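Chemist: What follows is a predicted structure for the sequence shown.
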Amino acid sequence: MHVGALVGGSSEVVGPETTLFAASEILIANGVGSLAVVDDRHLAGIITERDLVRATAAGADPNDAVVKDWMAVSPDTIGPEVDVEEAAAWLLEMGYRHLPVMEGDELLGVVSIRDLLWAISSDT
């Protein structure tokens, strides 16, 4: 199975000026652990639950602090043709939990380690 089969061609996204509080609400409402950050229709970064915890621990006010100050800038991405086992190995090696799936300049979605484990375990 390829990574492209795990993303539905859409992803939860926010802009770089979104407050951490608003980003947290979107994460909870959608049951996801990360949000793609899009600026002028381009992937600018990714913000994860871990980033929000890091911001809180550093004393950031979630009502004033914005995503661009806490996101991972220019994150690594993966193509939809990559095999799920290869993607899982890469996430483990790099320590990532979420990885944007891109086809050219188009964001197809964000795959999580949980998505990959589900695909691998259901494939056997």
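Modeler: Sure thing, it's come through.
Chemist: OK, contacts around the residue at minimal distance from the centre of the chain?
Modeler: Nearest to the geometric centre of the chain sits Ser34, at 4.1 Å (Cα atoms, centre = their mean). Contacts for Ser34 (Cβ atoms under 8 Å, 6 or more residues apart in numbering) come out as Leu27, Ile46, Ile47, Thr48, Glu49, Arg97, His98, Val110, Ser112. The C-beta positions use only the backbone N, C-alpha and C, and glycine is treated the same way.
Chemist: wait, the fifth one sits on Leu27?
Modeler: Looking back up the chat, that one is Glu49. Yes. Contact criterion Cβ atoms under 8 Å: Glu49 and Leu27 qualify, at 6.5 Å.
Chemist: Residues contacting the worst-scoring helix or strand of the chain on mean pLDDT, please?
Modeler: None of the helices or strands of the chain scores lower by mean pLDDT, DSSP states H and E than helix 113-123, at a mean of 88. Under the contact criterion Cβ under 8 Å, 6+ apart, helix 113-123 has outside partners 1, 3, 5-6, 84-85, 87-88, 91-92, 96-98.
Chemist: can you check stretch 49-62 too?
Modeler: Under Cβ under 8 Å, 6+ apart, the answer for stretch 49-62 is 19-21, 23-24, 27, 33-34, 65, 69-72, 97.
Chemist: same question, stretch 70-79
Modeler: 3-4, 16, 20, 37, 43-48, 51-52, 54-55, 60, 87, 90, 94, 96, 99-103, 111.
Chemist: buried sites along that stretch?
Modeler: Trp70, Met71, Ala72, Pro75, Thr77, Ile78 (16 or more other Cβ atoms under 10 Å).
Chemist: Kindly check the end-to-end length of that stretch for me.
Modeler: 25 Å (Cα to Cα, to the nearest Å).
Chemist: Show the average pLDDT along it.
Modeler: Average pLDDT, stretch 70-79: 95.
Chemist: Poorly predicted segments of the protein, please.
Modeler: Across the chain, residues meeting the criterion (pLDDT under 70) sit at 9-10, 123-124.
Chemist: for it, what spans make up the strands?
Modeler: Residue ranges of the strands in the chain, as given by DSSP state E, are 13-14, 34-39, 42-48, 72-73, 98-103, 106-112.
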